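[1] Sequence and predicted structure below; questions after.
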Amino acid sequence: MVLGPRRLGQSIGKDKELAGLVLSGTGVFVPPDKISNNEIVASFNAYVHQYNQDHAAAIASGSLKPLLESSSEFIVRASGIKNRYVLDKAGILDPTLLRPNIPERPNDEISVMAEMAVAAAREALAAAEKKAVDIDGVIVSCAVLQRAYPSIAIEVQNALGITGFGFDMSVGCASATYAIHVARGLIESGGARAILICNPEILSGHANFRERDSHFLFGDACTAIVVEKTENATGINVWEIVSSKLKAQFSSNIRNNFGFLNRCAPEGIDKPDKLFVQQGRKVFKEVLPLVSHFIQEHLNEHGLGATDIQRLWLHQANINMNKFVAHKVFGRDPTESEAPNVIGEYANTSSAGAIICFNQHSADLKAGDHGVLCTFGAGYSAGSVILKKLP
């Protein structure tokens, strides 16, 4: 069936003839380098001490404010984060550098982002019991892409031996659920039998490790998802995609201005806005009601309520944000089983976070159980996917 045009935010899945798609496998790649809060705080504070010493005269005169130290207690209280995994630990912990050292690779070598995606993809394909010949398209969907072109997805497709098509897309931290929504449309229209989605996130590359309120936020990771027709699914942890829904509302409160036009305005190169910038208080105040209402609205459209949901897999940005959203959705404080979090171990991995959470906290549910996968972030953008465990 060829689907007609849909406006952004319209739900897929109400019509019975659009049913029959599943999320049949997920995979996760995490770099081996792990940084604890104590390590990242020691690095940041060493930078702060040197900065304040170098600018002591200006600070004494009042023309410059001193930088404030960070602490492990502050990080846990503000975010719930205790550790993060990164591609390069040494560069991040060097107080004179405070950034990862990720050398460029020759064009005839696989890119860093594609290599991560391939690792996660192999795990997802194995979980779904699928081979390259079973996949017709690859979508690489993440917050920050390594390059403009050629598409990372086509590189991943080539590395895995998948024929068909591939393309990149980026919708901030909501990228994974947006890609699921797009994959559904491609399969339902007859354009593919199965789609492989990869979410490679090298967030340490756009993190500002000199900024107290965000130096601890990000980790690197990649997830992968297989979406296919129910009739072809043979995996052991298969979930019917009951419905998917998208929403977007413009805001500059989460922003990164890095791009190819920077060279046309050299006065702005290497300024803080070319890295991750966030107005945290505004984001907390504006995003949480939006996301909470969005999930509840999506559930109501399908005759589902809080008592019908056994699990909520949320974007892993901040433990306090997740507790707020989960409380609103369930109408009470949920148990750890009902709303699991992995942010403590992995930090914010953008689009990958909710998929890591699903990967680790879904196999234990029984046939017929429902869950909601929801990601949200810059844009503002949000995506919700209602899932039902199949036998």
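    Okay, I see it.
[2] where exactly do the helices run in this structure?
    Ranges of helices within the chain are 37-54, 56-61, 72-79, 89-93, 112-128, 152-160, 175-188, 280-301, 319-330, 343-346, 352-360, based on DSSP state H.
[3] Mean neighbour count, mean pLDDT and distance to Phe29 for those helices - can I get that in a markdown table?
    Yep, even glycine has a C-beta here, placed from its N, CA and C like the rest. Conversion of the helices of the chain to a markdown table gives the following (neighbours: other CB atoms under 10 Å; pLDDT from 0 to 100; distance: least, CB to CB, whole Å):
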| stretch | mean neighbour count | mean pLDDT | distance to Phe29 |
| --- | --- | --- | --- |
| helix 37-54 | 17 | 98 | 21 |
| helix 56-61 | 11 | 96 | 44 |
| helix 72-79 | 16 | 96 | 23 |
| helix 89-93 | 19 | 98 | 16 |
| helix 112-128 | 23 | 98 | 4 |
| helix 152-160 | 22 | 98 | 12 |
| helix 175-188 | 24 | 97 | 14 |
| helix 280-301 | 17 | 92 | 27 |
| helix 319-330 | 19 | 95 | 23 |
| helix 343-346 | 21 | 98 | 12 |
| helix 352-360 | 27 | 98 | 9 |
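[4] Turn these into a markdown table, including distance to Phe216.
    Listed next are the helices of the chain as a markdown table, based on distance: least, CB to CB, whole Å:
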| stretch | distance to Phe216 |
| --- | --- |
| helix 37-54 | 6 |
| helix 56-61 | 24 |
| helix 72-79 | 5 |
| helix 89-93 | 11 |
| helix 112-128 | 22 |
| helix 152-160 | 27 |
| helix 175-188 | 22 |
| helix 280-301 | 13 |
| helix 319-330 | 13 |
| helix 343-346 | 11 |
| helix 352-360 | 15 |
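[5] So which of the ones you listed is nearest Asp136?
    The stretch from the helices of the chain with the least distance to Asp136 (CB to CB) is helix 175-188; that distance is 8.3 Å.
[6] Just tell me which of the helices of the chain ends up closest to Gly25.
    Shortest separation from Gly25 across these is recorded for helix 112-128, at 2.8 Å, computed as CB to CB.
[7] Centre of the chain to that closest one, how far?
    Between the mean C-alpha point of helix 112-128 and the mean C-alpha point of its chain there is a distance of 15 Å (CA atoms, centre = their mean, to the nearest Å).
[8] what does stretch 150-158 give?
    Between the mean C-alpha location of stretch 150-158 and the chain-wide mean there is a distance of 19 Å, by CA atoms, centre = their mean.
[9] And Gly137, how far from Asn199?
    According to CB to CB, to the nearest Å, Gly137 stands 15 Å off from Asn199.
[10] ok, the two, which is more surrounded?
    Asn199 (30 against 24; other CB atoms under 10 Å).
[11] Bridged to the more buried one, which residues?
    On the basis of DSSP bridges, Asn199 takes part in beta bridges with Thr223.
[12] which ones are touching it?
    When the contact criterion is CB atoms under 8 Å, 6 or more residues apart in numbering, the partners of Asn199 are 120, 140-142, 175-176, 179, 222-225, 350-352, 355.
[13] list the contacts for the residue nearest the centre of the chain?
    By CA atoms, centre = their mean, the mean C-alpha position of the chain lies nearest to Ser351, the distance being 1.1 Å. By CB under 8 Å, 6+ apart, Ser351 lies in contact with 141-143, 172-176, 199, 201, 223, 375.
[14] which pair in those residues spans the largest distance?
    Distance extremes for the contacts of Ser351: the farthest pair is Gly172 and Thr223 at 15.3 Å, using CB to CB.
[15] Phe260 is in contact with Tyr149, isn't it?
    No - taking CB atoms under 8 Å as the contact criterion, Phe260 and Tyr149 are not neighbours in contact, 10.7 Å apart.
[16] can you count the residues close to Lys388?
    A count of nearby residues for Lys388, using other CB under 10 Å, gives 19.
[17] so what's it up against?
    With contact taken as CB under 8 Å, 6+ apart, Lys388 is in contact with 239-240, 242, 368-371.
[18] let's see it at 7 Å
    Contacts of Lys388 were listed using CB atoms under 7 Å, 6 or more residues apart in numbering, and they are 239-240, 242, 368, 370.
[19] Most neighbours among these, please name it.
    Neighbours here mean other CB under 10 Å. Within the contacts of Lys388, the largest count is held by Trp239, at 26 neighbours.
[20] Next, the contact list for that residue, please.
    Counting by CB under 7 Å, 6+ apart, Trp239 makes contact with 22-23, 387-390.
[21] Reformat those as a markdown table; add pLDDT.
    What follows is the contacts of Trp239, written out as a markdown table (pLDDT from 0 to 100):
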| residue | pLDDT |
| --- | --- |
| Val22 | 98 |
| Leu23 | 98 |
| Leu387 | 98 |
| Lys388 | 98 |
| Lys389 | 97 |
| Leu390 | 97 |
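[22] related to what we said a few turns ago, closest one of the contacts of Ser351 to Ser292?
    The nearest one, if we look at the contacts of Ser351 relative to Ser292 and count by CB to CB, is Thr375, at 14.1 Å.
[23] Surely that closest one is in contact with Tyr178?
    No - with contacts defined as CB atoms under 7 Å, Thr375 does not count as touching Tyr178, sitting 8.0 Å away.
[24] Identify the contacts common to these two.
    With contacts defined as CB under 7 Å, 6+ apart, the residues shared by Thr375 and Tyr178 are Gly383.
[25] Buried subset of the contacts of Trp239, written for PyMOL?
    Restricted to buried positions by 16 or more other CB atoms under 10 Å, the PyMOL selection for the contacts of Trp239 reads:
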select buried, resi 22+23+387+388+389
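[26] quick one: which of the contacts of Trp239 is nearest Asp270?
    Looking across the contacts of Trp239 and measuring by CB to CB, the closest to Asp270 is Leu23, at 40.7 Å.
[27] and the gap between the closest one and Val226?
    Taken as CB to CB, the spacing of Leu23 relative to Val226 amounts to 7 Å.
[28] With Ala153 instead?
    Counting by CB to CB, the separation of Ala153 from Val226 is 15 Å.
[29] ditto for Tyr51
    As judged by CB to CB, Tyr51 and Val226 stand 47 Å apart.
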